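sequence and predicted structure below; questions after.
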2 protein chains.
Amino acid sequence: MAICAVYKPQSLHSTCSISAPSKTHLGFHQKQVVFYTTSGWKTSKRSGSTNSPYVITCSVGNSQTVVIGLAADSGCGKSTFMRRLTNVFGGAAEPPKGGNPDSNTLISDTTTVICLDDYHSLDRTGRKEKGVTALDPRANNFDLMYEQVKALKDGIAVDKPIYNHVTGLLDPPELIKPPKILVIEGLHPMYDARVRDLLDFSIYLDISNEVKFAWKIQRDMAERGHSLESIKASIEARKPDFDAYIDPQKQYADAVIEVLPTKLIPDDNEGKILRVKLIMKEGVEFFSPVYLFDEGSSISWIPCGRKLTCSYPGIKFSYIPDSYFGHEVSVLEMDGQFDRLDELIYVESHLSNISTKFYGEVTQQMLKLSDFPGSNNGTGLFQTIVGLKIRDIYEQIISSKTKTPVEATKA
Amino acid sequence: MAICAVYKPQSLHSTCSISAPSKTHLGFHQKQVVFYTTSGWKTSKRSGSTNSPYVITCSVGNSQTVVIGLAADSGCGKSTFMRRLTNVFGGAAEPPKGGNPDSNTLISDTTTVICLDDYHSLDRTGRKEKGVTALDPRANNFDLMYEQVKALKDGIAVDKPIYNHVTGLLDPPELIKPPKILVIEGLHPMYDARVRDLLDFSIYLDISNEVKFAWKIQRDMAERGHSLESIKASIEARKPDFDAYIDPQKQYADAVIEVLPTKLIPDDNEGKILRVKLIMKEGVEFFSPVYLFDEGSSISWIPCGRKLTCSYPGIKFSYIPDSYFGHEVSVLEMDGQFDRLDELIYVESHLSNISTKFYGEVTQQMLKLSDFPGSNNGTGLFQTIVGLKIRDIYEQIISSKTKTPVEATKA
């Protein structure tokens, strides 16, 4: 894989990347040692003439790139989630400027989201030839994934490959610079133990089979004209590898968003009204689970009543301490959907530990992105809240790292 | 019924009672017009020599005796409730000093509790002869009950009959002076519409048949050696009149305390662990129902969890808006019992609108009376809370009445 490179640091404690001086989108958090040189050091293939003056930026030790992992099957709303997350930090998330139009990367001021499909070691033809799916670890290069995520976490830019979803081919790589927050999203962010250990926080989007089926029917049958049989067959074909390689990752997640059919309407299988669980691991550094009314107790709450009138079939929340793959967790559940703004703000005002910076921030975020899927139910609510928690985690990590050793000892 | 009298007021707006000058237990809230006379006016039979100087106390208009009704079957904890209530106001509640040792009345600084059995028109023999139970309205004098409760409410002392529970006879009457708070407790405080209309607040203690049966077995079989058959027979014999005359009163109550078997232990019929509901009518003047976390919504809460560790089978609360005999009500339910002080204070700290004057007052009250039945469960908790609500209602009524008409118009 000659097209992929990790820029080696000059020494163990100083790490460098290079770019043309006009490009200034370097993270402000690096301790910059900037100097001009007329001979390119480890120039990127996209850097232009080697005679141009380059900016070499070195981050000396103490890297502050926070790494977030988001795992889910394809078509489960990862990109919506990512757009909600980047929106929390403000500023638009866009593909790298002037790069491959089929790039899977999204860059905003604060966050860089990379898609782990870019670490496919086999392209579409290759997978067909070997008879493996994209879900199979053998179709993915975990060594490179680990090296590059580690490099970025260490403040080192990397040349990351691009898997072109349109052509099914591996395109030439793109330069990824260490951002404040690196999100790695895809099928396997927690599969490889080395990559997993690099994650400061991890999320698993767990769509139940019933809902996945309902969504596929809606999209593939209604919009793309597929037959019910072909949809069923495609789900069944995918299932063994999904169960073997993707699903087990949820045991490692710090937060799981589980999407289930509603219980508000008996025997509902339309998949339109959803029951969504936010499963939050206890004891995770910098992460304090959201709670309802009384932390650590068991609550069920139907906010619809005298003060809040809801449309049918209403909204029901629950909050319970539970255990999940042997870990102590808190589970917040929302069944139903918001039909009016007052329902959303009322619910927000009764949740605690949601890491907002002002009253109504969750509602504001959801309204801003109200055309995104799930903006009226628990998927949008919990994705938004997880976005706020990630901002909070990021700020705490930065704050803890910028303390002097003496301060850190005191704290 | 010559032994019973209502002291007539001198005019429509001034009401008087008389006592020897050494006796000074007159309500401070009366607008006192005190003068000495050598000829007794409407002297009480117990006033001593007519040559002694008497204190005649006249309350002019604007009486401020607040009247509370408490209905329940016999043996359902009315007296425990009454002792909890009088305790809220401080000071011991005792039978009238120097009077009939079998008096059913309890007097404290603030409250006078009279037992409506005193308005039996038929004594035990009379009831037997006529074949009516004490539950039957025909065995009770509602005209006198109304006249005397009205007189007391108007600030007029009365000579109330005494039904002697020991002998089953009607004893000579005792003088009852208008207190700050008059509680009428017994089988029929809300039966007669005229009496009912005099009540500023009314409570019904509703013990479910299962619990009543378990309690009777415990008391009559274990402690008094009755047979199971005789207990069943006595309950069955009582039931038709109870259903006809006592039970229907609960529709008029502002608050109902309903005592049911626990649901925490499947198929439990021991009656030791109780599930207790406090059903509170909405829209009652001066009474704002207690709520849990979010007023007007539906909540269930198991406080036992990470912060509070409870003994088996735990404690479960619920709070729901509901309808009761066509009235809008809020229902607070507690299932289970407190085994430790921290459980009680934890629960208290999460209830709202409990009308305490300081943090932990409910817990303090329950600890003070910890040897009373129900001090570790919802009966004691809700009786204590209702006691605090009655204090609050009393204070609001007094405060609203002492406002000048102009102020009252403004309010």
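Perfect, I can see it now.

how about the residue minimising distance to the centre of chain A, secondary structure?
The centre of chain A sits closest to A:L70, judged by Cα atoms, centre = their mean, with a distance of 3.8 Å. Here A:L70 takes the strand state, with states given by DSSP: H, G, I helix; E, B strand; the rest coil.

then A:F287?
Taken by three-state DSSP, the conformation at A:F287 corresponds to coil.

quick one, domains of chain A?
Structural domains assigned to chain A are A:14-60, A:62-203, A:254-387, following automatic domain parsing.

and these: which comes nearest A:A233?
Evaluated over the domains of chain A, closeness to A:A233 peaks at domain A:62-203, with 13.9 Å, by Cβ to Cβ. Bear in mind the C-beta positions are built from the backbone N, C-alpha and C, glycine included.

returning to that earlier point: for A:E223, find the nearest of the domains of chain A.
Between A:E223 and those, the tightest spacing by Cβ to Cβ is seen for domain A:62-203, at 12.1 Å.

coming back round to it: so how many other residues sit close to the nearest residue to the residue nearest to the centre of chain A once chain neighbours are set aside?
In space, not counting the residues next to it along the chain, A:L70 is nearest to A:E185; the distance is 4.1 Å by Cβ to Cβ, 6 or more residues apart in numbering or on different chains. For A:E185, the neighbour count with other Cβ atoms under 10 Å in any protein chain shown is 24.

surely A:N141 and A:D118 touch.
No: under the criterion of Cβ atoms under 8 Å, A:N141 lies out of contact with A:D118, with a separation of 9.5 Å.

element containing the residue nearest to A:L70, please.
Of the helices and strands defined by DSSP states H and E, A:E185 is found in strand A:181-186.

CA atoms of that strand as PDB?
Extracted in PDB, the C-alpha atoms of strand A:181-186 (Å, rounded to 0.1, in the frame of the first residue of the first chain):
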ATOM      1  CA  ILE A 181     -11.400  16.100  17.500                       C
ATOM      2  CA  LEU A 182     -11.000  13.100  15.200                       C
ATOM      3  CA  VAL A 183     -14.000  11.000  14.700                       C
ATOM      4  CA  ILE A 184     -13.500   7.600  13.100                       C
ATOM      5  CA  GLU A 185     -16.900   6.200  11.900                       C
ATOM      6  CA  GLY A 186     -17.600   3.000  10.200                       C
END
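
A:L332 belongs to a strand?
Yes: the secondary structure assignment for A:L332 places it in a strand, going by three-state DSSP.

just list whatever residues bridge to it.
A:L332 forms beta bridges with A:L278, A:Y319, as assigned by DSSP bridges.

thinking again about what came up before, if you count what's nearby, which of A:N141 and A:D118 comes out ahead?
Set A:N141 next to A:D118 and count neighbours by other Cβ under 10 Å: A:D118 wins out with 27 against 19.

put the alpha carbons of the longest helix seen in chain A into CSV.
In chain A, assigned by DSSP state H, the helix with the most residues is helix A:378-401. The C-alpha trace of helix A:378-401 is given here as CSV (Å, rounded to 0.1, in the frame of the first residue of the first chain):
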residue,chain,number,x,y,z
GLY,A,378,-35.1,9.8,20.4
THR,A,379,-32.5,9.1,17.7
GLY,A,380,-32.1,12.9,17.0
LEU,A,381,-32.4,13.7,20.7
PHE,A,382,-29.9,11.3,21.9
GLN,A,383,-27.5,12.0,19.0
THR,A,384,-27.6,15.6,19.9
ILE,A,385,-27.0,14.9,23.5
VAL,A,386,-24.1,12.6,22.7
GLY,A,387,-22.7,15.4,20.6
LEU,A,388,-22.9,17.8,23.6
LYS,A,389,-21.3,15.1,25.8
ILE,A,390,-18.4,14.8,23.3
ARG,A,391,-17.9,18.5,23.3
ASP,A,392,-17.9,18.3,27.1
ILE,A,393,-15.4,15.4,27.1
TYR,A,394,-13.2,17.2,24.6
GLU,A,395,-13.1,20.3,26.8
GLN,A,396,-12.4,18.3,29.9
ILE,A,397,-9.6,16.4,28.3
ILE,A,398,-8.0,19.6,27.0
SER,A,399,-8.4,21.3,30.3
SER,A,400,-6.8,18.4,32.2
LYS,A,401,-3.9,18.2,29.7
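
name the helices or strands packed onto that helix?
Applying 3 or more Cβ pairs under 8 Å, 6 or more residues apart in numbering or on different chains; DSSP states H and E, we find helix A:378-401 packed against strand A:66-71, helix A:78-88, strand A:201-207, strand A:255-261, strand A:274-281, strand A:327-336, helix A:361-368.

go again with 7 Å.
Other elements packing on helix A:378-401 under the criterion 3 or more Cβ pairs under 7 Å, 6 or more residues apart in numbering or on different chains; DSSP states H and E are strand A:66-71, helix A:78-88, strand A:201-207, strand A:255-261, strand A:274-281, helix A:361-368.

export those as JSON lines, with columns for mean pLDDT.
What follows is the helices and strands packed on helix A:378-401, written out as JSON lines (pLDDT from 0 to 100):
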{"stretch": "strand A:66-71", "mean pLDDT": "97"}
{"stretch": "helix A:78-88", "mean pLDDT": "88"}
{"stretch": "strand A:201-207", "mean pLDDT": "96"}
{"stretch": "strand A:255-261", "mean pLDDT": "96"}
{"stretch": "strand A:274-281", "mean pLDDT": "97"}
{"stretch": "helix A:361-368", "mean pLDDT": "94"}
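
with distance to B:Q337 added, can I get these in JSON lines?
Written out in JSON lines, the entries for the helices and strands packed on helix A:378-401 read as follows (distance: least, Cβ to Cβ, whole Å):
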{"stretch": "strand A:66-71", "distance to B:Q337": "45"}
{"stretch": "helix A:78-88", "distance to B:Q337": "45"}
{"stretch": "strand A:201-207", "distance to B:Q337": "39"}
{"stretch": "strand A:255-261", "distance to B:Q337": "35"}
{"stretch": "strand A:274-281", "distance to B:Q337": "31"}
{"stretch": "helix A:361-368", "distance to B:Q337": "39"}
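
circling back to that earlier point, bridging residues for the residue nearest to the centre of chain A?
A:L70 forms beta bridges with A:E185, A:I203, as assigned by DSSP bridges.

now do it against chain B, distance only.
Distance, A:L70 to chain B, by Cβ to the nearest Cβ, to the nearest Å: 28 Å.

contacting residues around that residue?
A:78, A:81, A:183, A:185, A:189, A:203 (Cβ atoms under 7 Å, 6 or more residues apart in numbering or on different chains).

tabulate the residues you listed (CSV), appending distance to A:I162.
Conversion of those to CSV gives the following (distance: Cβ to Cβ, whole Å):
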residue, distance to A:I162
A:K78, 17
A:F81, 21
A:V183, 17
A:E185, 15
A:P189, 18
A:I203, 24
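
quick check: the two most widely separated of those?
Farthest apart among those - using Cβ to Cβ - are A:F81 and A:P189, which lie 12.8 Å from each other.

tabulate the domains of chain A (JSON lines), appending distance to B:I114.
Listed next are these as JSON lines, based on distance: least, Cβ to Cβ, whole Å:
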{"stretch": "domain A:14-60", "distance to B:I114": "78"}
{"stretch": "domain A:62-203", "distance to B:I114": "66"}
{"stretch": "domain A:254-387", "distance to B:I114": "37"}
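
mean pLDDT for these: which is lowest?
Comparing mean pLDDT across the domains of chain A, the lowest value falls on domain A:14-60: a mean of 36.

helix/strand/coil for the residue of the stretch 151-300 of chain A found nearest chain B?
Taking Cβ to the nearest Cβ as the measure, the point where the stretch 151-300 of chain A comes nearest chain B is A:G296, at 3.0 Å. Reducing the assignment to helix, strand or coil with three-state DSSP, the entry for A:G296 is coil.

could you do A:G271 as well?
Secondary structure for A:G271, judged by three-state DSSP, is coil.

roughly how far does it sit from A:D143?
Taken as Cβ to Cβ, to the nearest Å, the spacing of A:G271 relative to A:D143 amounts to 39 Å.

are any of the contacts of A:L70 buried, and which?
Neighbour counting over those (16 or more other Cβ atoms under 10 Å in any protein chain shown) leaves A:78, A:81, A:183, A:185, A:189, A:203 as the buried ones.
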